[in-house]
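Colleague: Turn this into a model:
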Amino acid sequence: MRSIWMFSMVVVAAGLAGCQAEVPAGLPGCTPSCTSGGGPTGGGGGGTTVQVRDNYYSPSTVTVQLGDTVTWNWVGSGQHSVTFPPGGWLPDLGVHVTGTISLIMGQSGTYSYYCTIQGSSKMSGTVTVQ
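Modeller: Here you go, the predicted structure:
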C-alpha cells in the first residue's frame with residue numbers, strides 16, 4: 001500500500017506570503033518546500049504545465065507518463081484552487097492568485113480536480129497518468 005503514496009511535491013510560491021499549499025499531514029514522501037521565486041525543482045522524466053486562469057484550466061486535460069511532473073501555474077487575476085477529491089493520494093493544492101505548484105505523478109490512473117471557488121461544474125480538469 002505504501003506505493004500508492006509515492007510522489008514528491010515542490011511548491012514555488014512567488015509573491016505569496018508563506019507556504020499556502022494544503023498538504024495532508026503524515027503522507028509519506030509529501031514534503032513541500034517554499035521559496036521566493038525560481039521554478040520547480042526536482043522531478044521525474046518529463047512534464048507538462050497547466051495554467052490556472054480566470055475561471056478555467058489550460059489545458060483542462062493532460063496525459064503524462066508515470067514519474068512525470070505536472071505543474072500548475074497561476075496566471076489569472078482572481079483566486080482559484082486545484083483541489084483533488086478527498087480520499088485519494090493527491091493533496092489539495094490550496095487557493096492562490098499567483099505562484100506555481102508541481103507534483104511528480106507517482107501513481108498510474110486518472111485524477112480529476114476542480115476549483116473550490118468556481119465549483120466542479122464550471123472549472124475542472126483531469127490528469128491521466130499512464
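Colleague: Residue ranges in this structure under the pLDDT threshold?
Modeller: Across the chain, the ranges flagged by pLDDT under 70 are 1-45.
Colleague: Show me the strands in it, by range?
Modeller: Assigned by DSSP state E, the strands in the chain fall at 9-12, 47-53, 56-58, 61-64, 69-74, 80-81, 95-96, 99-104, 109-114, 124-129.
Colleague: Verify the contact between residue 106 and residue 66 for me.
Modeller: Yes - here residue 106 lies in contact with residue 66, judged by C-beta atoms under 8 Å, at a distance of 7.2 Å. Every residue, glycine included, has its C-beta placed from N, CA and C.
Colleague: Neighbour count: these two, which is higher?
Modeller: More neighbours surround residue 106 than the other of residue 106 and residue 66, with 19 against 15 (other C-beta atoms under 10 Å).
Colleague: any idea how far residue 123 is from that one?
Modeller: 25 Å (C-beta to C-beta, to the nearest Å).
Colleague: what does residue 57 give?
Modeller: Shown here: residue 57 relative to residue 123, a distance of 7 Å by C-beta to C-beta.
Colleague: Over to residue 84?
Modeller: To residue 123, residue 84 is 14 Å away according to C-beta to C-beta.
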